[in-house]
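S.K.: this one's structure only:
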């Protein structure tokens, strides 16, 4: 029982991270019909920005100074920043990165085939990973968590430990969802976003600023990715390959939930997180193969319910 | 829901019925290619020639990606997995005491079957799901190899018994094993090339391109979209498996580290940079695959050549959607094929 509850808590932590990245993927997919394979890597860069803003105080690690620290301490006021401020900084950076990518890379490709656009996101995945590797190296580093993360920072429930970081990450996720819902349901930008989702050409015809709205959409998605990377870096270590695995979990989550459904992204993230944490003790899957259950879940979902739990089944016009 | 296939793009600009005869440019290219591949045995050291052979067989992997993405409109980010499956299947089949030819043939078939099993659920749905599944597989592959120690040697990897991969004694090439091996690799690559060239110019090739350009139209013409996609995937995986077979024979030591997810990403980038939907593009793609790391290594420019592959992929999509091969083709016909 203890083990079960503990594993569920662990799964909920990672599940929240996957859910937020899946949410970012779903946002882009809904508005542009495009799967952004670079979503994880754009977040990864944000994670490293957090690390740079935190260091040297916040970066526990292997004693090798973090690239950019000297630059940051000279040019950024009050550097090093406290953990929460560093994450806010990284989220701002993520938003900027997303906006720049949309404006200068994706927008010029409007009207080109989906294959071309997807190729560019795959190119971005490889490119940004290479840049991160070039700047920050291949070391694994731990990011300081913005939530209390000492050994004693947990609530005991049924003998299992619910860590404050898990609570904090879920609280963050809920805040994101509430803010996103408010943005999409109550603001003019949100109305424009919904208009583009339902009919892009039509929205443009009635005067919806399609380009500006898409830039905002990419900025928000990328900011969420940066937040996810910063938070996961507090629990696991941050390394250039981290987000590749996370991307697969997030994509699996989005597929299971339905690629066009934000609700589905949250549910899918939770399912993947729990599958991943429960499969080693109960299915006897070795921990280094935790990539397999989510992958199997994704393949199963494709076989049984191809458009996801909450996704809409598309109508193909000939 | 959008698919990756039903829109107008430069890719669709390749003619629906390509002439079976070769253009003048292609003939010149073929002659240049034949001369180029004939030079290395005379100028480089045996070690370098073996290294070169290992890159030459990657033509098969890039060709596999191209058949799938360029001709059928499906994205695979996991072709490195198929190289690995081919290599390890070969190693284990040789252990069973099979002849190299039989083992290579079976390993190729096996890899094709693996591709089919992986892809079938994803191919039920339109869209990018095959890319998701293959990319996930590419990431899960190295840890899986480390786990399956019986067949793969686990963390340390395993040796491949390539003693039989030597020239027949009547050729009198006993001192030039590496040249013979280079020749065999070229011959196998050429064989697959001819098979694929005939395939894409056949009824099935036209079916694949129709599926790529418009699935609904393909179905209307009586093409079974699912069989066409599954067939393309199986053949693509099989030829990539052959690349693995040859790699394991050239370097008789295979381990999980050789088949990480970046191999798959590099292969995909190379196929796009070279030019999707044309066979010449495969050659240019492999040249990129060879030259980028070589130049980067020689000048010690970057810690990892990923930046060049990523930037190359993006830049080529912008300036030359039909890849390097498209640039030549455009000049040959006196018109640009950019959209």
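M.R.: Sure, I can see it. All values reported here derive from a predicted model rather than from experimental measurement.
S.K.: can you tell me the element the residue with the shortest distance to the centre of chain B falls in?
M.R.: Taking CA atoms, centre = their mean as the criterion, residue B:61 is the residue nearest the geometric centre of chain B, at 1.7 Å. Residue B:61 is part of helix B:58-65, with elements assigned from DSSP states H and E.
S.K.: hmm, that helix touching chain A?
M.R.: No: using CB under 8 Å from any CB of the partner chain, helix B:58-65 stays clear of chain A, coming no nearer than 11.8 Å. In this view, the C-beta of every residue, glycine as well, is placed from N, C-alpha and C.
S.K.: what's that helix packed up against?
M.R.: Applying 3 or more CB pairs under 8 Å, 6 or more residues apart in numbering or on different chains; DSSP states H and E, one finds that helix B:58-65 contacts helix B:79-95, helix B:177-200, helix B:225-250, helix B:261-274, helix B:279-299.
S.K.: relative to helix B:79-95, how tilted is it?
M.R.: Calculated by axes from the mean of the first three to the mean of the last three CA atoms, to 10 degrees, helix B:58-65 forms an angle of 120 degrees with helix B:79-95.
S.K.: how far away from the center of its chain is helix B:58-65?
M.R.: Here helix B:58-65 is found 1 Å from its chain centre; the criterion is CA atoms, centre = their mean, to the nearest Å.
S.K.: among the helices and strands of chain A, which has the poorest mean pLDDT?
M.R.: None of the helices or strands of chain A scores lower by mean pLDDT, DSSP states H and E than helix A:69-75, at a mean of 66.
S.K.: what's downstream of that one, the next helix or strand?
M.R.: Sequence order places helix A:83-101 as the next helix or strand after helix A:69-75, per DSSP H and E.
S.K.: can you list contacts of that next one?
M.R.: A:38, A:42-43, A:45-47, A:49-51, A:53-54, A:58, A:80-81, A:124, A:144-146, A:215-216, A:218-227, A:229-231 (CB atoms under 8 Å, 6 or more residues apart in numbering or on different chains).
S.K.: run the last query once more with 7 Å
M.R.: Applying CB atoms under 7 Å, 6 or more residues apart in numbering or on different chains, the external contacts of helix A:83-101 come out as A:42-43, A:45-47, A:49-50, A:53-54, A:58, A:81, A:124, A:144-146, A:215, A:218-223, A:225-227, A:230.
S.K.: filter those down to the ones close to chain B.
M.R.: Filtering the contacts of helix A:83-101 for proximity to chain B (criterion: CB under 7 Å from any CB of the partner chain) leaves residue A:124.
S.K.: which of the contacts of helix A:83-101 are buried? Put it as a PyMOL command.
M.R.: Command for PyMOL, covering only those of the contacts of helix A:83-101 found buried under the criterion 16 or more other CB atoms under 10 Å in any protein chain shown:
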select buried, chain A and resi 42+43+45+46+47+49+50+53+54+58+81+124+144+145+146+215+218+219+220+221+222+223+225+226+227+230
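S.K.: helix or strand right after the lengthiest helix in chain A?
M.R.: Using DSSP state H, we find that the single longest helix of chain A is helix A:2-32. Next helix or strand after helix A:2-32 toward the C-terminus (DSSP H and E): helix A:39-54.
S.K.: elements contacting that next one?
M.R.: Secondary-structure packing of helix A:39-54 (3 or more CB pairs under 7 Å, 6 or more residues apart in numbering or on different chains; DSSP states H and E): helix A:2-32, helix A:69-75, helix A:83-101, helix A:114-136, helix A:210-235, helix A:242-257.
S.K.: and that helix, how far out from the chain middle?
M.R.: What separates the centre of helix A:39-54 from the centre of its chain is 11 Å, taken as CA atoms, centre = their mean.
S.K.: could you do stretch A:167-183 as well?
M.R.: Averaged C-alpha coordinates place stretch A:167-183 at 13 Å from its chain's average position (CA atoms, centre = their mean).
S.K.: ok, stretch A:91-101 next?
M.R.: Its chain's C-alpha centre and that of stretch A:91-101 lie 13 Å apart, by CA atoms, centre = their mean.
S.K.: where does the stretch 1-150 of chain B dip in pLDDT?
M.R.: Along the stretch 1-150 of chain B, segments meeting pLDDT under 70 span B:1-22, B:126-127.
S.K.: so which residues of it form helices?
M.R.: Taking DSSP state H, counting those that start in this stretch, the helices of the stretch 1-150 of chain B run over residues B:24-38, B:40-43, B:46-56, B:58-65, B:79-95, B:100-123, B:129-147, B:149-152.
S.K.: from these, which stretch is densest packed?
M.R.: Stretch with highest mean neighbour count among the helices of the stretch 1-150 of chain B: helix B:58-65 (a mean of 30; mean count of other CB atoms under 10 Å in any protein chain shown).
S.K.: thinking again about what came up before, and chain A, which of the helices and strands packed on helix B:58-65 is closest to it?
M.R.: Nearest of the helices and strands packed on helix B:58-65 to chain A, taken as CB to the nearest CB: helix B:261-274 at 5.4 Å.
S.K.: does the closest one reach chain A?
M.R.: Yes: Helix B:261-274 lies within reach of chain A by CB under 7 Å from any CB, at B:261, B:265, B:268, B:269, B:272.
S.K.: could you report the neighbour count for the fourth one?
M.R.: Pointing back at residue B:269 there. Neighbour count for residue B:269, taken as other CB atoms under 10 Å in any protein chain shown: 32.
S.K.: spatially nearest residue to it, not counting backbone neighbours?
M.R.: residue B:309 (4.2 Å; CB to CB, 6 or more residues apart in numbering or on different chains).
S.K.: and for the second one?
M.R.: Here the nearest residue to residue B:265 in space, its sequence neighbours aside, is residue A:126; by CB to CB, 6+ apart that works out to 5.4 Å.
S.K.: what sits against that neighbour?
M.R.: By CB under 7 Å, 6+ apart, residue A:126 lies in contact with B:265, B:269, B:306, B:309, B:310, B:313.
S.K.: between the residues you listed, which has the most around it?
M.R.: Using other CB under 10 Å as the neighbour test, the contacts of residue A:126 are led by residue B:269, with 32 neighbours.
S.K.: can you pull the contacts of that residue?
M.R.: Contacts here follow CB under 7 Å, 6+ apart; on that basis residue B:269 touches A:123, A:126, B:309, B:312, B:313.
S.K.: who's in contact with stretch A:282-291?
M.R.: Outside of stretch A:282-291, the residues within contact range by CB under 7 Å, 6+ apart are A:245, A:248, A:276, A:279-280, A:292-293, B:139-140, B:143-144, B:146-147.
S.K.: let's see that with 10 Å instead.
M.R.: Stretch A:282-291 is contacted from outside by A:3-4, A:7, A:14, A:245, A:248-249, A:252, A:275-281, A:292-293, A:295-296, B:136-137, B:139-144, B:146-147, using CB atoms under 10 Å, 6 or more residues apart in numbering or on different chains.
S.K.: re earlier: residue B:208: which of the contacts of residue B:269 is nearest?
M.R.: Comparing those against residue B:208 with CB to CB picks out residue B:313 as the nearest, at 22.9 Å.
S.K.: number of nearby residues for the closest residue to the closest one other than its chain neighbours?
M.R.: Sequence neighbours aside, residue A:123 is the residue nearest to residue B:313 in space, at 3.3 Å (criterion: CB to CB, 6+ apart). Using other CB under 10 Å, residue A:123 has 28 other residues around it.
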